[in-house]
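# what's the 3D shape of this:
(2 chains)
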Amino acid sequence: ETGVTQSPTHLIKTRGQQVTLRCSSQSGHNTVSWYQQALGQGPQFIFQYYREEENGRGNFPPRFSGLQFPNYSSELNVNALELDDSALYLCASSMDRMGAKNIQYFGAGTRLSVL
Amino acid sequence: DQQVKQNSPSLSVQEGRISILNCDYTNSMFDYFLWYKKYPAEGPTFLISISSIKDKNEDGRFTVFLNKSAKHLSLHIVPSQPGDSAVYFCAASGGNQGGKLIFGQGTELSVKP
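Next up is the predicted model:
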C-alpha cells in the first residue's frame, strides 16, 4: 500500500478535448511527479512539483500543465488532446527531491484513451 | 537520447534459480539508482535502491550491484519465485537531471515453477 491514489482509473476522450487527472499523495510527501507511460516503454517524466511550485519539466508541450495543492492533492491537465496522448498517466510522491528522499511511490495510474 | 537502457526485453528463469536483470546508463552525474517492479494494471512498486557512493545494497532476496566505471547496474533475485514474475524497471536520478526519475524500457521477468 503506497498511499498514492489516482482518479479516474480509465478515461475516454476525443481529439481536441481537455482532461484533468487527479492524484492524492502520501501524507507527509511534499513532492509530486507525473509520468506518461506508453505501451512497452518506461515511464517518461512530465513534470515535478515541490511545495506547490513547478520544479522541473520534461520534454512535453505547454498544453500539459499541473497544479499541486497544500492538502497533498495534485492535478495534471492536458488541453487540445491528440491521439498520441493515449497512454497510462502515473503520479508519484516523495518526501523530497533528491537522493534517498526522492524515492518515488506510484499510484496505479489513469489509463487515457483519445479517440 | 536514451540515458538509461535495459537491453533485454524479457528473461525466463526457473523457480529457485537466480534472476539477473541488467541496466546501463550514460550520464555519469546520476547519483541515485532505483529498481521498480510492475504488475499489469498496477503502478510501479519500489523495490530497492542504491546511492552512487556504494557498490552493493541488499534487501532480503534482492541485491543491487553498481559498477560506476562501467556505468552498469544489476538486480539479483535469489531464489526466484513465481510471484516475482513482472516487468522490472531501473531508474536513475540526480546530478543535472534534478528530481526526475529517468527510466529504462523495462525487462519482463517470467519465473517458471
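
# tell me the contacts of the spatially closest residue to residue B:41 that is not a sequence neighbour?
Spatial nearest neighbour of residue B:41, excluding adjacent residues (Cβ to Cβ, 6 or more residues apart in numbering or on different chains): residue A:108 at 7.3 Å. To be clear about C-beta, it is placed using only N, CA and C from the backbone, and glycine gets the same treatment. By Cβ atoms under 8 Å, 6 or more residues apart in numbering or on different chains, the contact set of residue A:108 is A:5-6, A:9, B:41-43.

# any residue of the helix or strand bottoming out on mean pLDDT in chain A up close to chain B?
Within chain A, judged by mean pLDDT, DSSP states H and E, the helix or strand with the poorest mean is strand A:53-57; its value is a mean of 91. Yes - against chain B, strand A:53-57 shows contacts by Cβ under 8 Å from any Cβ of the partner chain at A:55-56.

# paired strands for the helix or strand following that strand, with orientation please.
Once strand A:53-57 ends, the next helix or strand along the chain (criterion: DSSP states H and E) is strand A:64-68. Paired strands of strand A:64-68, with direction, are strand A:73-78 (antiparallel) (DSSP bridges).

# give me the buried positions along the partner strand.
Residues A:74-76, A:78 are the ones in strand A:73-78 that count as buried (16 or more other Cβ atoms under 10 Å in any protein chain shown).
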